[in-house]
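1. need a 3D model of the sequence below.
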Amino acid sequence: MITLNAEKRSMDVKAKKLRREGYVTGVLNLTDKGESIPLKYDEKEARKLIKENKPGSQVTLVLDGEKISTIIKDFNFDAMRGQILALNFQNLVAGEEISTEVSIKLLNEDFIEGVVNQQLSDIQYKADPQHLLDEIVIDFKELDPSITNYSVADLKLADKEGITLITPEDAVIFAIIEPTATEETEDTDADATAAPTVAAE
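-> Predicted structure coming up:
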């Protein structure tokens with residue numbers, strides 16, 4: 001499992017000052033205790049973490065020498081400033097069901113004749129730590145080429161043990177828009193209306 005070092009944050013120090021010192025702030029929600037712990041993390045480590053992982057990914061936090069099993073609850077990234085404004089976690093307790101999400105990744109879209117319109121990038125669900133889902137990868141190389149849309153039901157997640165879907169099964173993950181003949185027609189029209197070349201005498 002991925003590991004991130006964390007330190008307890010003093011609320012006497014503002015988040016803006018900590019960011020200037022190279023930290024990212026956030027909280028660890030302890031669902032079993034009904035409380036949260038303010039944290040700070042090294043900015044470089046936090047940036048690497050969110051670059052490679054999404055909300056719902058499992059992470060081991062190392063806090064005061066203790067390893068805590070968590071998931072990324074959410075994070076707030078300011079694209080204009082290139083700063084992580086907050087990175088929050090939720091602890092995992094064996095046998096305790098939590099609400100979380102799993103991200104969807106599409107691969108080899110160039111195998112499709114048409115435009116892939118992705119309408120869903122993550123799926124909300126409930127599960128205990130033993131049944132948490134890894135990132136869902138949909139590879140167009142392996143899909144039936146006749147498929148024009150794909151919904152949550154097609155993943156058959158509801159059939160998996162320990163999974164309770166929150167996202168409706170009829171929610172569309174992607175639809176394929178057939179290519180139009182507009183460009184080809186325009187090219188043909190352009191050829192037809194082009195002035196003929198007159199050979200020099």
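2. and the strands in this structure?
-> 2-8, 23-30, 35-42, 58-63, 66-78, 83-91, 98-107, 115-118, 122-127, 136-139, 149-151, 164-165, 172-177 (DSSP state E).
3. ok, which of those comes nearest Lys14?
-> Among the strands of the chain, the nearest to Lys14 by CB to CB is strand 23-30 (9.3 Å). In short, each C-beta sits where N, CA and C put it, glycine included.
4. kindly reformat the strands of the chain as TSV containing mean pLDDT.
-> What follows is the strands of the chain, written out as TSV (pLDDT from 0 to 100):
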stretch	mean pLDDT
strand 2-8	96
strand 23-30	96
strand 35-42	95
strand 58-63	96
strand 66-78	95
strand 83-91	95
strand 98-107	95
strand 115-118	94
strand 122-127	96
strand 136-139	96
strand 149-151	96
strand 164-165	96
strand 172-177	95
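5. nearest to Lys17, of the ones you listed?
-> Among the strands of the chain, strand 23-30 sits nearest to Lys17 (CB to CB), with 9.0 Å.
6. out of the strands of the chain, which comes closest to Leu157?
-> If you check each of the strands of the chain against Leu157 by CB to CB, strand 164-165 wins as the nearest, at 6.0 Å.
7. ok, the closest residue to Leu106 other than its chain neighbours to Thr164 distance?
-> Computed as CB to CB, 6 or more residues apart in numbering, the closest residue to Leu106 that is not its neighbour in sequence is Ile138, at 5.3 Å. Remark: distance between Ile138 and Thr164 (CB to CB, to the nearest Å) = 22 Å.
8. of those two, which one has the most company?
-> Using other CB atoms under 10 Å as the criterion, Ile138 and Thr164 rank with Ile138 on top: 19 against 13.
9. residues touching that one, list them.
-> Listed by CB atoms under 8 Å, 6 or more residues apart in numbering, the contact set of Ile138 reads 104-107, 150, 173-174.
10. domain ranges for this protein, per the record?
-> 2-93, 99-183 (automatic domain parsing).
11. look up how far Thr25 lies from the nearest residue to Asp64 once chain neighbours are set aside.
-> Leaving aside its chain neighbours, Asp64 sits nearest to Lys8 (7.3 Å; criterion: CB to CB, 6+ apart). Between Lys8 and Thr25 the computed distance is 11 Å (CB to CB).
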